[in-house]
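Chemist: Sequence first, then the predicted structure:
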Amino acid sequence: MFDLNEMMKKLQEQLQEADNKIYTAKSGGGLVEASVNGKMEVIDLKIDDSLLEDKESLQILLMSAINDAMKMALEDKKREALNMFGGLNSVK
């Protein structure tokens, strides 16, 4: 039998798990590293000391790393959503 409450509970759990995942991307050969969570919040930045006197390069590398980490999170959320809704066909 189809149990909507059970399905909603599982969906809520999966969404919460996705929010807690961490996605990390590097740029500049590892000179900059950015981490975001599934809520698209930047939670960590690592910057090599060699970039501290080159503001323009630092800005470019930060944007690149943050954008890449966010893209990773979005793609994972899309994949998770497709898996969740794909699984609805098997719920009886």
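Modeler: Sure thing, it's come through.
Chemist: Show me what counts as buried in stretch 56-70.
Modeler: Buried residues in stretch 56-70, defined by neighbour count with 16 or more other C-beta atoms under 10 Å: 58, 61-62, 64-66, 68-70. All C-beta atoms are positioned from the backbone trio N, CA, C, and that covers glycine.
Chemist: where does this structure have its least confident helix or strand?
Modeler: helix 4-20 (a mean of 81; mean pLDDT, DSSP states H and E).
Chemist: by contact count, what packs against it?
Modeler: The helices and strands touching helix 4-20, judged by 3 or more C-beta pairs under 8 Å, 6 or more residues apart in numbering; DSSP states H and E, are helix 55-86.
Chemist: Rounded mean pLDDT for the helix it packs on, please.
Modeler: In this model, helix 55-86 has a mean pLDDT of 91.
Chemist: For it, what is the distance to the chain centroid?
Modeler: Relative to the chain's own centre, helix 55-86 is displaced by 6 Å; criterion: C-alpha atoms, centre = their mean, to the nearest Å.
Chemist: rewinding a little: direction included, what does the following helix or strand past the least confident helix or strand of the chain pair up with?
Modeler: Sequence order places strand 22-27 as the next helix or strand after helix 4-20, per DSSP states H and E. If you go by DSSP bridges, strand 22-27 pairs up with strand 32-37 (antiparallel).
Chemist: who touches the next helix or strand after the partner strand?
Modeler: Scanning forward in sequence from strand 32-37 by DSSP H and E, the next helix or strand is strand 42-47. For strand 42-47, contacts defined as C-beta atoms under 8 Å, 6 or more residues apart in numbering pick out 22, 24, 31-37, 58, 62, 65-66, 69.
Chemist: tell me the angle strand 42-47 makes with strand 32-37.
Modeler: 170 degrees (axes from the mean of the first three to the mean of the last three C-alpha atoms, to 10 degrees).
Chemist: Can you tell me which residue is spatially central in the chain?
Modeler: By C-alpha atoms, centre = their mean, the mean C-alpha position of the chain lies nearest to Ala73, the distance being 2.3 Å.
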